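Participant: Fold the following.
(2 chains)
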Number of protein chains: 2
Amino acid sequence: MATQKVVGCLGGGQLGRMLAESANKRNIPIVFLDSPNAPAKQITANSAHEHVDGSFKDAKAIEQLASKVDILTVEIEHVDTEILERLESEGKVKVEPSWRTLRVVQDKYAQKEHLREAGVGVVDGIALEKGTVEELWQVVARLGGFPVMLKSRREAYDGRGNFKIKSENDFGPALEALGGKGKGGVLYVERWAAFRMELAVMVVKTKDGGLAYPTTETIHTSESICKLTYTPARGISAKLAKQAQELAKKAVKSLWGKGVFGVEMFLLQDGSLVINEIAPRPHNSGHYTIEACHVSQYDSHLSAILDEPLPQECLEMRVPAAIMLNVLGGETKDSHMIVKRKAAALFGPIGFHDYGKGDARKGRKMGHITVTATSMAKAEALVQPLIEFVDSGNDESSSPSSAPAAALTDSSAQPLVALVMGSDSDLPHLLPGITLLETLGISYTTRVTSAHRTPEAMAEYAQSAEAEGIEVLIAAAGGAAHLPGMVASHTLLPVIGVPIKPRLGDGFDSIVSMTNMPAGVPVATVGLNNSVNAALLAARQLARKDEGIRERLRAWIENNKQTVLKKDAKLHEMGAMKYAEDVLGVKK
Amino acid sequence: MATQKVVGCLGGGQLGRMLAESANKRNIPIVFLDSPNAPAKQITANSAHEHVDGSFKDAKAIEQLASKVDILTVEIEHVDTEILERLESEGKVKVEPSWRTLRVVQDKYAQKEHLREAGVGVVDGIALEKGTVEELWQVVARLGGFPVMLKSRREAYDGRGNFKIKSENDFGPALEALGGKGKGGVLYVERWAAFRMELAVMVVKTKDGGLAYPTTETIHTSESICKLTYTPARGISAKLAKQAQELAKKAVKSLWGKGVFGVEMFLLQDGSLVINEIAPRPHNSGHYTIEACHVSQYDSHLSAILDEPLPQECLEMRVPAAIMLNVLGGETKDSHMIVKRKAAALFGPIGFHDYGKGDARKGRKMGHITVTATSMAKAEALVQPLIEFVDSGNDESSSPSSAPAAALTDSSAQPLVALVMGSDSDLPHLLPGITLLETLGISYTTRVTSAHRTPEAMAEYAQSAEAEGIEVLIAAAGGAAHLPGMVASHTLLPVIGVPIKPRLGDGFDSIVSMTNMPAGVPVATVGLNNSVNAALLAARQLARKDEGIRERLRAWIENNKQTVLKKDAKLHEMGAMKYAEDVLGVKK
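Facilitator: Predicted structure coming up:
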């Protein structure tokens, strides 16, 4: 049997700590090079493999770590790649991802040049060769004018090393602030990317190729620090999400070595995607994978660098929606503890990660929280009070209006069925169905909207129903009963039509107005005035997603069956004549 | 701000290790008393709080641990309760759950007496006062005859301390094996519980009351070691699952202190529930909560003993189904590593927990794996090859027929839509709908079954469709078209009826045979021969659960729209006369 390989990691911050959590779960020995009691070291104490104290930039310390392990990896790209190159060339250790990748990526301008050459779209940028105001004038002109973003080529992350230049007045302060005045090779300038939203994809590079996690939406603070991620990304098509995954895989394919890569992208106003930057390691935008996917980015990183199997299915979501909120340090040392307490008060210990960093500093990543739910709307309802709390500056006196944990189960706030009718005169016919929905514990809403008299309002309601959390529509109408079909034309939701018997005619007009929709726009039609069967059809559909509804439906059907059996017994006992007279009130 | 309390734990095996994983995630300091390098110690190295080496039965060592922490808890109940009682009465430490609970529970006979007095059903049992063959004869007679189970009162877990007595020939060997020959107070005898299945519920006792996790189905090996858990329990009603939760809460309510409790139950042949035993700590039957619930049993235990908030919603499942498989030691030292490798080959690192115990011993719990999926059927398909591998004695030469990880996403193997028709002559009318299902990537199956000519086969198919993973049924019939309604009578699934136009008549007969079902048994009726709309109704329903289907449906509708718009443009350009002639082939 092959011995378990020992992993060494340069850096033991929160990414290292979560990598260690994954290693702990699988009992993979892992050793860190960082300061004593760094976050990752707190949770790894395998006595057979001692940590190294020191800096992950110190060649000696790196060499010491390398001597203890089989594979070196990183939780930060700003490491000494010269020593890594030498150690690997001397056969002393394997480095994953390759030092070559780390070297290209740690210089952000070189990274973008590399991606451009690999045919991957990036924001236009020009490196400064002199670091003077005169050069800035020329570069801004070549990039098409203000605003532009002045950026440090190295040691830039979490918004550090960026300066937005709005006019020539910013030239001097920007060069000063980023330490590039009068220097070449330190800074570069990028065209301002007017993006619609920011997306990120975690890519895993294994010996067999590249695999992609789902496309995530990322929200940054005004200081460009990651604040929130939403997965799957909200409001983008599956096609675009797929394009983002493909672009990320293409970009990572151009780099060397194995492991997980965080790929940040801009979705531009014209719908195109460009790469913002790549991190050759686990990434903040992939934290959600711990709770939301079959295996986390940390699990995947270990599998990739250890050449262990990793089917694509592992990377897929095992819950419908996940939101990650970073807990950033505030004004006080214990600001993160206040958020931790607030989160516990709001929804218990759900998904809280405390990195064990001690005192907070403003903007420092102290922890994060991931909530998952059966829909993005529920996840949003759950986490919203905490976002408001954080945005209010951790004001402990503020209290949410309702218990957000209830968002996980409480369906009463969220109607699942919408009953729409062309006229309030249809309501009496819908009441038996509504009563049944209540019996089955199915939340609903009722609306009057007419295909003929309020066509715009009808269309608008039908178009928005899905986003409002409605799962199925019941539409009732009589005569030239266009409402169900018109509603169906404006939504992807299933529409059940209840034909209402008109005062004139036998109702066949109402029925065929629903059944005879053109192929392409279906209406599920029930019998005349039969709102009970419409409610039951809705219940049968909802029972496919909700075990509680299924069980109540089953019980209702069983009860119905018993009622019929009792009638049969009574009929058998009383005889036909007496039963007809006594029970049905039929006179002989 | 309150300082974070330090937790001390007696025992640092796998339960302690997973408790430490939860504490690590939340940065709660935790210290263990156990042998050096015990599983839990390997992953906790907070330098401010050193572990204690020694036995969790040693009063001195317990006192040493108590001096370092604010709250003492346990991962095993077989500890010295005298010293715990003294330490707490002297105000030196808090003990959760109470030493009183540990004392009652660690004697299994006393535990059952306690539960009986609390009005909770348990299996009948009698304690042996002499430990003789003569006494056994009397006791067996009082319990109603063979077989019976002879059990050790103390130090019994994972099947240790049980001996099944089938006849008087077993009396001597049983008393010998359990070390109770000629002794009182050591053994007890239980009536043989002929159970239908075993269930377990994790209960959390907080300062505010009792909360329950979902009801789990547990499967034990022939040596009574937990092998598998299925959550939610398969094949029991929601009502029974609720009863199990209520019974577990009632039992735990009778005990003292805070924390998580594992409650094991038998579901007897008559449908009643009795308690088998209670563990006053995290439990094997609650491992699934790590991946399947909003917070794990370990998270809950910490929240409960630290008086941190814990809403009931936290304990609910956040995935539809979870299966846990214990990795037990086999014949060789590395038997668990073989299973670990096999699991990785089958489905990557999904849900694998390796306890870091070193060499395996037969029956020793070395690790476990939890898989989650969107249905129990998918979870079963995923884990089945690993169960077979384990059952075959870890035969590495065996290979599964298909990649099980595909069970997570591959729907091709699992039809979601069943199209049933009364006669194969209906098939041509269904083809447009079938073609559309293929376009939308929706898996389906087709069956010929007649309500009138094969009533039993029809009923049987309809009854089994749901268990086979079908999500929606499409039934086509003409004339006295009973098939959709009859199918609907035998299932809880939504049924879509396609009326087929008969050779005689206008088809209204077929339509109203479907729409005019009695209230109580609905059929979603579409237009005559309109299988396209039936397929689209099915797709609209399935899109509520599957984002991929939703997106393909949306794209198909968009494409349809463009086709109509193009026709409009062409008509506008060509004019009505020319269009009618050239495109429609209408002669002037």
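
Participant: all strands of the stretch 151-300 of chain A, in order?
Facilitator: A:162-165, A:187-191, A:195-206, A:209-212, A:216-220, A:226-231, A:259-268, A:273-279 (DSSP state E, counting those that start in this stretch).

Participant: Partner strands of the fourth one, with direction?
Facilitator: Looking at strand A:209-212 with DSSP bridges, its paired strands and their directions are strand A:195-206 (antiparallel).

Participant: now the angle from the strand it pairs with to strand A:216-220?
Facilitator: Relative orientation of strand A:195-206 and strand A:216-220, computed by axes from the mean of the first three to the mean of the last three CA atoms, to 10 degrees: 120 degrees.

Participant: buried set for strand A:195-206?
Facilitator: A:F195, A:M197, A:E198, A:L199, A:A200, A:V201, A:M202, A:V203, A:V204, A:K205, A:T206 (16 or more other CB atoms under 10 Å in any protein chain shown). All C-beta atoms are positioned from the backbone trio N, CA, C, and that covers glycine.

Participant: roughly how far apart are A:E50 and A:V260?
Facilitator: A:E50 is 26 Å from A:V260, where distance means CB to CB, to the nearest Å.

Participant: I should have written A:H482 there, sorry.
Facilitator: 54 Å.

Participant: Which one's more surrounded, the two?
Facilitator: Remark: of A:H482 and A:V260, A:V260 carries more neighbours, 32 against 20, as counted by other CB atoms under 10 Å in any protein chain shown.

Participant: OK, contacts around the more buried one?
Facilitator: Going by CB atoms under 8 Å, 6 or more residues apart in numbering or on different chains, A:V260 touches A:202-205, A:281-283, A:286, A:297-298, A:300-301, A:304.

Participant: And the residues you listed, which is closest to B:V148?
Facilitator: Distance ranking of these against B:V148, using CB to CB, places A:Y298 first at 50.7 Å.

Participant: Number of residues surrounding the closest residue to that closest one other than its chain neighbours?
Facilitator: In space, and not counting its chain neighbours, A:Y298 is closest to A:S22: 3.7 Å by CB to CB, 6 or more residues apart in numbering or on different chains. Residues within reach of A:S22, counting by other CB under 10 Å, total 22.

Participant: Who are the packing partners of the helix or strand where A:S22 lies?
Facilitator: For A:S22, the host element (DSSP states H and E) is helix A:14-26. When contacts are defined as 3 or more CB pairs under 8 Å, 6 or more residues apart in numbering or on different chains; DSSP states H and E, helix A:14-26 packs onto strand A:7-10, strand A:30-34, helix A:297-305, helix B:14-26, strand B:352-354.

Participant: which strands and helices sit next to the first one?
Facilitator: On a contact count with 3+ CB pairs under 8 Å, 6+ apart, strand A:7-10 meets helix A:14-26, strand A:30-34, helix A:59-66, strand A:71-74.

Participant: got CSV for the buried residues of strand A:195-206, with pLDDT too?
Facilitator: CSV is the format used below for the buried residues of strand A:195-206 (pLDDT from 0 to 100):
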residue, pLDDT
A:F195, 90
A:M197, 94
A:E198, 96
A:L199, 97
A:A200, 98
A:V201, 98
A:M202, 98
A:V203, 98
A:V204, 98
A:K205, 98
A:T206, 97
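
Participant: Surely A:S224 touches A:F163?
Facilitator: No - look at A:S224 against A:F163 with CB atoms under 8 Å: they stay out of range, at 10.9 Å.

Participant: between the two, which one's more packed in?
Facilitator: Per other CB under 10 Å, whichever of A:S224 and A:F163 has more neighbours is A:F163, with 19 against 16.

Participant: quick one: contacts for the more buried one?
Facilitator: A:F163 makes contact with A:M149, A:L150, A:K151, A:D170, A:P173, A:A174, A:A177, A:L178 under the criterion CB under 8 Å, 6+ apart.

Participant: Mind pulling up the pLDDT for it?
Facilitator: With respect to pLDDT, A:F163 has a value of 91.

Participant: Can you tell me who it pairs with across the strands?
Facilitator: A:L150.

Participant: so which residue of the stretch 201-350 of chain A comes closest to chain B?
Facilitator: A:A238 (3.6 Å; CB to the nearest CB).

Participant: so where is the stretch 451-588 of chain A shaky, pLDDT-wise?
Facilitator: Along the stretch 451-588 of chain A, the parts satisfying pLDDT under 70 run over A:588.

Participant: Helices of that one, residue ranges please.
Facilitator: Here the stretch 451-588 of chain A has its helices, by DSSP state H, counting those that start in this stretch, at A:455-465, A:483-489, A:508-515, A:531-542, A:547-574, A:576-582.

Participant: looking at those helices, which is closest to B:P39?
Facilitator: So among the helices of the stretch 451-588 of chain A, helix A:547-574 is nearest, using CB to CB, at 35.5 Å.

Participant: which residue packs closest to A:M458, ignoring adjacent ones?
Facilitator: Closest to A:M458 by CB to CB, 6+ apart is A:T449, at 4.3 Å.

Participant: The one you found touches A:S423, doesn't it?
Facilitator: No - applying CB under 8 Å as the test, A:T449 and A:S423 come out as separate, 9.8 Å apart.

Participant: Looking at those two, which one has more neighbours?
Facilitator: Taking neighbours as other CB under 10 Å, A:T449 and A:S423 compare with A:T449 leading, 23 against 15.

Participant: Tell me who's in contact with that one.
Facilitator: By CB under 8 Å, 6+ apart, the contact list for A:T449 reads A:V420, A:M421, A:G422, A:A457, A:M458, A:Y461, A:L483.

Participant: Reformat the residues you listed as CSV; add distance to B:V105 and neighbour count.
Facilitator: Converted to CSV, those look like this (distance: CB to CB, whole Å; neighbours: other CB atoms under 10 Å in any protein chain shown):
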residue, distance to B:V105, neighbour count
A:V420, 58, 26
A:M421, 60, 24
A:G422, 65, 25
A:A457, 64, 13
A:M458, 64, 24
A:Y461, 59, 20
A:L483, 63, 30
